[in-house]
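[1] Predicted structure and sequence below. I'll ask about it afterward.
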Amino acid sequence: MTGEPMRRLVGNKWLRCGYTTGTCAAAAAKAAATMLLSGQLVESVTVQTPSGVTLTLDVLDARCDGVTASGAVRKDAGDDPDATDGALIYAHVERTATAAIVIDGGEGIGRVTKPGLDQPVGAAAINSVPRSMIEAAVHSAEAESIEVREMKIASISEPIEIHGRRKSETESNEACDRKRSDRTASVAELVKSEAASIDSAESPQSPELSGWRVVISCPTGAEIVQPEARHHRGHLYLGDHRHCRTNE
């Protein structure tokens, strides 16, 4: 995490604040989505927590092959650590044909086995708040990608100015206007071509793929033991872990 760490007073001590597994999952999802949209690896991402705190977190093990992308964020529990402190939270993303963001759990993430949580039985044990954070992070990656694209296209077209030239004595007004129009059309085609190149480079996938599949995992979960759920050794739960089983 970059910037000055936040601190809170507990008893008579000031403790450095960390961030939740949900924040890590959201940051990893944004990083992976950004890489898939841009085709370029990222070293850090900025996300906002539900309490309104903005964090810039380092991205580890970043990968992108043009079809899928993944990245990890290391959990930092601050000066009041829990059992997940230091774990790597991964997000693996790919585009889908359905206009929705589907979130699932992979290695190291539990599954709901009984009613009582805010997710149905069989779903990944990622509760509603972390899910909404992940969705917001992916939408943020999309918005930032559009902004970058528009800025690049603007940088192509802004320096280009179409100047008329003084017509010669033997040149009619119509001929001069025709040449000016031809030059304008040529520049327009150039801008269109450059914009298409930017779109191709930054969105290498089919435009029909408008949705996302996001899989959150914690391969280092074998090192994690939550005191309240020791019979679920080695598996991580983003939210309430009651009535969960391990995800094979």
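    That came through, no problem.
[2] Scan this structure for its longest strand.
    With residue count as the measure and DSSP state E as the assignment, the chain has strand 88-96 as its longest strand.
[3] the helices in this protein, which residues?
    21-38, 128-157, 173-202 (DSSP state H).
[4] who are the neighbours in contact with Ser210?
    For Ser210, the contacting residues are 95-99, by CB atoms under 8 Å, 6 or more residues apart in numbering. C-beta: built from backbone N, CA, C; applies to glycine.
[5] about what we covered before: ok, of the helices of the chain, where does mean pLDDT dip lowest?
    If you rank those by mean pLDDT, helix 173-202 sits at the bottom with a mean of 56.
[6] ok so, going back, which among the contacts of Ser210 end up buried?
    When the contacts of Ser210 are checked for burial by 16 or more other CB atoms under 10 Å, the buried set is Arg95.
[7] buried set for the longest strand of the chain?
    88-95.
[8] Ok, stretch 134-148 next?
    Within stretch 134-148, the residues that count as buried by 16+ other CB under 10 Å are 134-138, 140-142, 144-145.
[9] distance of the closest residue to Val47 other than its chain neighbours from Thr96?
    With sequence-adjacent residues excluded and distances taken as CB to CB, 6 or more residues apart in numbering, Val47 is closest to Ala27, at 4.7 Å. Ala27 sits 22 Å away from Thr96, going by CB to CB, to the nearest Å.
[10] Could you do Met35 as well?
    Distance, Met35 to Thr96, using CB to CB: 17 Å.
[11] Could you report the neighbour count for Asp76?
    Per other CB atoms under 10 Å, the neighbour tally for Asp76 reads 20.
[12] So it sits against Thr21, correct?
    No: in this structure, Asp76 is not within contact of Thr21 by CB atoms under 8 Å, at 10.7 Å.
[13] residue contacts, Gln119?
    Going by CB under 8 Å, 6+ apart, Gln119 touches 112, 125-128.
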